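Peer 1: below are the sequence and a predicted model; questions follow.
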Amino acid sequence: MTQFLKHTGGVGVSDLLKDGSKHFSGVDEAVLKNIDACKKLSMITRTSIGPNGMNKMVVNHLGKLLVTNDAATIVKEMEVVHPAAKLVAMAAKAQEEEIGDATNLVVVFAGILLEGAEVLLRQGLHTAATNLVVVFAGILLEGAEVLLRQGLHTADIIAGYTAASRACFQQLESLAVHTVADVRDVPAVTEALRAAIAAKQYGLEDVLAPLVAKACVQILPKDPTTFNVDNVRCVKIAGMTVQESFLMKGYVITRDSEGTIKHVDNAKIVVFGTEVDLCATETKGNVLIKSADQLLNYAKTEEEAMEKAVKEIAAVGVNVLVAQSSISEMALHFLERYKIMVIKCPSKFEIARISRLTGATSLARFGAPLPEEVGSADRVSVDEIGGFKCTTISRESLESTKVSTIVLRSSTSNRLDDLQRAVEDGVNNYKQLVKDARMVAGGGACELRLAKELKELADRTPGLDQYAIRKFAETLETIPRTLAENAGQDSTSTVSDLYAAHAAGNVNCGVNVEEGGVRDMLEAKVLDHLVTK
């Protein structure tokens, strides 16, 4: 085949692709351009790291304005299309889905690793195995650019980065400084979640962390490893301040009930996943009515059938009906007559949560339920929160419940969205906490200890791998350096002070973003989850 192409003049790679496609190869055209794209993505999110990270304004394809410092949201709404940068975006998405926190760390760390690789490449290292560099960069990126610019072979960069990452994983196990003894202890859980929430909403961690901790502990099953983050719900209601946010055992639906009944105590609940109306025939038919009496009798027959169905439902003891689909006027009339409160909930996800909370079974047919298909609640009522009619389903009498709801209050919708992201990060952290309760020192302390160990490893490593290992260590330094920069401190001086403190044996010292300088993070109770690292 090769000889045939050679004799016939051959074809270029562009001839194999559809019109408009472009083909790049080599260090300058492909590798360095890929690295540059990842660096630019990293620089966008880098200034959002830490409690003092800056918010970004993003206008998505729908024209919606988002103001947030959450890297996962920023990268998602930007809709990155560059193939290499998209790998970093996918890595951040995977981190968000699996861990729920430290997505910014992934993007920034990746960009800086690639930057180091670029320098080494330009210094003469070979460019074989380019795909491996880019894929590996999807997890750890930025230092690679520096290495590439130094001319190192890509294989040497990969070998050095791989050795450094293995050393980090081995060392991380020994860096745990605190373990949450009881994941059902609300004060202990609150302290463990404070740092993760402060990174998103600095200054509000004392308000949000206790709410998240209580919400998670309330719904924790007997087997903690089966904890489901979907059972902690956020309801956003504009108005008042964040300090007015509260937690309730139960569920909040941001809509009014359908009838005139607004309050029911000791509720017996039936849930229908279908419309509340009499079943229609599958085929069309004609009814010939010859007199007024026949017309009245026809309507009366339908009313009797509906009343019979509602009466059977009421006979089971039901006093609250939740429907996903439409409710006919005739059905509503008879439900009111039999003192049954009616709630319409169009979302199938909310129907599933209500069923989970109350113990009811979502029925696919309209009619009387079996006793075991009926759920229960302490109270179902329509309350006015911030000028909005909300229906609350409460299970306050139970020590633990299947679903808990955090009602967030703030002035604007953008602010409420950002608060929700902080709460979701806290809930995801708790999910990891019940699986592994070990914590490491925050504020860049953990990264600096790893950087120190890697520099010593680089000094002991012969060959070209040592350059990549040293760049990996410098990349780790970027985290405390960026925290200091975002807090308005002299980053070089702060990192030097951190190295001095660690050399003196204070290995838990990190960046003090409040007062400047360094501080013992264990003493300040600034802790990061080991799994996020």
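Peer 2: Perfect, I can see it now.

Peer 1: give me the local confidence score for Leu211.
Peer 2: On pLDDT, Leu211 comes in at 93.

Peer 1: thought it was touching Glu244?
Peer 2: No. Here Leu211 lies out of contact with Glu244, judged by CB atoms under 8 Å, at a distance of 11.5 Å. Glycine gets a C-beta too; all of them are placed from N, C-alpha and C.

Peer 1: more crowded one of these two?
Peer 2: Neighbour totals were compared for Leu211 and Glu244, and Leu211 leads with 23 against 15 (other CB atoms under 10 Å).

Peer 1: contact partners for the more buried one?
Peer 2: Contact partners of Leu211, counting by CB atoms under 8 Å, 6 or more residues apart in numbering, are Ser245, Phe246, Leu247, Ile406, Val423.

Peer 1: nearest residue to the middle of the chain?
Peer 2: Centroid check for the chain by CA atoms, centre = their mean gives Gly100 as the closest residue, at 4.6 Å.

Peer 1: quick one: it and Lys431, what's the gap?
Peer 2: Using CB to CB, to the nearest Å, we find Gly100 at a distance of 7 Å from Lys431.

Peer 1: and if you look at Lys389?
Peer 2: Taking CB to CB, one finds Lys389 at 33 Å from Lys431.

Peer 1: check which helix or strand Arg519 maps to.
Peer 2: strand 518-520 (DSSP states H and E).

Peer 1: what pairs with that strand, parallel or antiparallel?
Peer 2: strand 509-511 (antiparallel) (DSSP bridges).

Peer 1: which residues touch the strand it pairs with?
Peer 2: Outside strand 509-511, the residues that reach it (CB under 8 Å, 6+ apart) are 441-445, 448, 480, 483-484, 487, 489, 494, 498, 501-502, 518-521, 526.

Peer 1: change it to 6 Å
Peer 2: 441, 443-445, 480, 483-484, 494, 498, 501, 518, 520-521 (CB atoms under 6 Å, 6 or more residues apart in numbering).

Peer 1: okay, buried residues for it please.
Peer 2: For strand 509-511, the neighbour count (16 or more other CB atoms under 10 Å) marks Cys509, Gly510, Val511 as buried.

Peer 1: and of these, the nearest to Ser400?
Peer 2: Gly510 (35.8 Å; CB to CB).

Peer 1: neighbour count winner among Lys389 and Lys431?
Peer 2: Lys431 (20 against 14).

Peer 1: checking Lys525 next. Helix, strand or coil?
Peer 2: coil (DSSP: H, G, I helix; E, B strand; the rest coil).

Peer 1: that one and Ala192 touch, don't they?
Peer 2: No. Using CB atoms under 6 Å, Lys525 is not in contact with Ala192, being 9.0 Å away.

Peer 1: which of the contacts of strand 509-511 fall within strands?
Peer 2: Ala441, Val518, Asp520 (DSSP state E).

Peer 1: which of those lies closest to Asn52?
Peer 2: Nearest member of the ones in strands among the contacts of strand 509-511 to Asn52, counting by CB to CB, is Val518, at 15.6 Å.

Peer 1: contacts only, for that closest one.
Peer 2: Val518 neighbours (CB under 6 Å, 6+ apart): Asp497, Leu498, Ala501, Cys509, Asn512.

Peer 1: rerun at 10 Å
Peer 2: 443-445, 448, 480, 484, 494-502, 506, 509-512 (CB atoms under 10 Å, 6 or more residues apart in numbering).

Peer 1: returning to what we had before: any common contacting residues for Gly100 and Lys431?
Peer 2: With CB under 10 Å, 6+ apart as the test, Gly100 and Lys431 both reach Val229.

Peer 1: now, the most widely separated pair of the contacts of Leu211?
Peer 2: Farthest pair in the contacts of Leu211, by CB to CB: Phe246 and Val423, 12.7 Å.

Peer 1: between those two, which has more neighbouring residues?
Peer 2: Between Phe246 and Val423, counted using other CB under 10 Å, the more crowded position is Val423 (24 against 12).

Peer 1: quick check, the more buried one in a strand?
Peer 2: No. Val423: not assigned to a strand; according to three-state DSSP it is helix.

Peer 1: all helices of the stretch 351-500 of the chain, in order?
Peer 2: 413-433, 445-460, 465-486, 491-503 (DSSP state H, counting those that start in this stretch).

Peer 1: ok, back up a step: so for Phe246 and Val423, which residues contact both of them?
Peer 2: Leu211, Ile406, Leu408.

Peer 1: count the residues that sit near the second one.
Peer 2: To tie it back to what came earlier, the one meant is Ile406. 24.

Peer 1: also the last one?
Peer 2: When neighbours are defined as other CB under 10 Å, Leu408 has 24 of them.

Peer 1: list the residues that contact it.
Peer 2: Counting by CB under 10 Å, 6+ apart, the residues that Leu408 touches are 208, 211, 234-238, 242, 244-246, 415-420, 422-423.

Peer 1: and with 6 Å instead?
Peer 2: Cys234, Lys236, Ser245, Leu416, Leu419.

Peer 1: then the second one?
Peer 2: With contacts defined as CB under 6 Å, 6+ apart, Ile406 is in contact with Leu211, Ala215, Cys234, Leu247, Val423.

Peer 1: next step: those restricted to helices.
Peer 2: Leu211, Ala215, Val423 (DSSP state H).

Peer 1: could you pull out the helices in the stretch 151-300 of the chain for me?
Peer 2: Under DSSP H, counting those that start in this stretch, the stretch 151-300 of the chain gives helices at 154-172, 186-198, 205-219, 292-315.

Peer 1: elements contacting the longest one?
Peer 2: In other words, helix 292-315. helix 329-337 (3 or more CB pairs under 6 Å, 6 or more residues apart in numbering; DSSP states H and E).

Peer 1: buried stuff in the helix it packs on?
Peer 2: Met330, Ala331, Leu332, Phe334, Leu335, Glu336.

Peer 1: kindly report the same for stretch 195-213.
Peer 2: Those would be 195-202, 204-205, 207-213, for stretch 195-213 by 16+ other CB under 10 Å.

Peer 1: one more: stretch 440-458?
Peer 2: 440-455, 457-458.

Peer 1: who does the helix or strand hosting Lys93 touch, helix- and strand-wise?
Peer 2: Using DSSP H and E, Lys93 sits in helix 83-98. Applying 3+ CB pairs under 6 Å, 6+ apart, we find helix 83-98 packed against helix 32-46, helix 71-78, helix 103-122.

Peer 1: and those, which is most packed in?
Peer 2: Of the helices and strands packed on helix 83-98, the one with the most neighbours on average (mean count of other CB atoms under 10 Å) is helix 103-122, at a mean of 29.

Peer 1: run the angle between that helix and helix 445-460 for me.
Peer 2: Relative orientation of helix 103-122 and helix 445-460, computed by axes from the mean of the first three to the mean of the last three CA atoms, to 10 degrees: 20 degrees.

Peer 1: which residues does Val232 bridge with?
Peer 2: Beta-bridge partners, per DSSP bridges, of Val232: Ser404.

Peer 1: ok, it - contacts?
Peer 2: Val232 touches Ala215, Ser404, Val427, counting by CB under 6 Å, 6+ apart.

Peer 1: and stretch 324-338, how far apart are its ends?
Peer 2: 20 Å (CA to CA, to the nearest Å).

Peer 1: what's in contact with it?
Peer 2: The contact list for stretch 324-338, computed with CB under 6 Å, 6+ apart, reads 258-259, 273-277, 306-307, 310, 314, 342, 351.

Peer 1: out of the residues you listed, which is nearest to Arg46?
Peer 2: Of the contacts of stretch 324-338, the one sitting nearest to Arg46 (CB to CB) turns out to be Ile351, at 42.4 Å.
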